[in-house]
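# Quick one: sequence and predicted model below, then my questions.
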Amino acid sequence: MVLLSDYQTCENVLTQQTRFHDRADTVIKMFSNILPTGQIALKTNEMWKHHRRIIAPAMTSKYLSLTTPRANESIGNLVELWRAKSDAAGGRAWAAGNDMESSTMDAMCGMAFGSSWGIIRAFTDQVIGNHEEVPTGKMGDALFVGRPPPLAESTLVAFEVGPAIEKNPKTHSPCRRQQPFSA
């Protein structure tokens, strides 16, 4: 995993170097059953560019100034979680992928709906409230198992069962049939 903290580098990678760094297949698979033609479920292709042109007016400095605090809050919560895990792990490593995904979901929900799901906050409270020894994995790593809040958990379950539902044509998602407007 590579984390970029310089926003100009992030922008360059996401907009100029897409042939080298496109959206991960796992992300596309996760969202394609729910939003099959949504930007988050597309590789950087013509449909993605079409969607980007449509939403560009919403990416104004006024909109971004309203949503940036939610992203900052999510990052701050992630750092707090990692501090709590560091204290509880006793010098052992731990997997951070789920934390990154959960923090991203918190930020996205915060931006879209005004408040996050609180997944990272819930995980932090669970780590701090756990007074038992943190289990050790096969490689000597600390194993943290967090339970997300109910709304987040039910949505994440929907992401997981989406592929199973997709195989049954009678329960085919109406979102799947939607096509973008052709100019």
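That came through, no problem.

# got the buried residues for the lengthiest helix in the chain?
Ranked by residue count and defined by DSSP state H, the top helix of the chain is helix 61-89. For helix 61-89, burial by neighbour count (16 or more other C-beta atoms under 10 Å) applies to 67, 70-71, 73-74, 77-78, 80-82, 84-85, 88-89. From N, CA and C alone the C-beta is placed, and that goes for glycine too.

# Poorly predicted segments of this structure, please.
1-4, 7, 13-23, 33-35, 162-183 (pLDDT under 70).

# For it, which segments are assigned as helices?
Along the chain, counting by DSSP H, helices occupy 7-15, 25-32, 46-55, 61-89, 97-113, 119-129, 150-166.

# Distance from the chain centre to the fourth one, please.
From the chain centre to the centre of helix 61-89 is a distance of 13 Å (C-alpha atoms, centre = their mean, to the nearest Å).

# same check, this time on the last one
Helix 150-166 has its C-alpha centroid displaced from the chain centroid by 14 Å (C-alpha atoms, centre = their mean).

# how much does that helix deviate in direction from helix 25-32?
Counting by axes from the mean of the first three to the mean of the last three C-alpha atoms, to 10 degrees, helix 150-166 lies at 90 degrees to helix 25-32.

# tell me what helix 150-166 is packed against?
Helix 150-166 sits against helix 25-32, with contacts defined as 3 or more C-beta pairs under 8 Å, 6 or more residues apart in numbering; DSSP states H and E.

# Enumerate the positions of the helix it packs on that are buried.
Per 16+ other C-beta under 10 Å, helix 25-32 contains these buried residues: 30-32.

# In a markdown table, list the residues you listed along with distance to residue 135.
Compiled in a markdown table, the buried residues of helix 25-32 are given as follows (distance: C-beta to C-beta, whole Å):
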| residue | distance to residue 135 |
| --- | --- |
| 30 | 27 |
| 31 | 31 |
| 32 | 34 |
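
# Name the nearest of the residues you listed relative to residue 144.
Within the buried residues of helix 25-32, distances to residue 144 taken as C-beta to C-beta reach their minimum at residue 30, with 21.5 Å.

# my read: the closest one touches residue 156, true?
No. Judged on C-beta atoms under 8 Å, residue 30 makes no contact with residue 156 at a distance of 9.4 Å.

# shared neighbours of those two, anything?
By C-beta atoms under 8 Å, 6 or more residues apart in numbering, residue 30 and residue 156 have no common neighbours.

# Just give me the closest of the buried residues of helix 25-32 to residue 132.
Top of the list for closeness to residue 132, among the buried residues of helix 25-32 and by C-beta to C-beta, is residue 30 at 31.8 Å.
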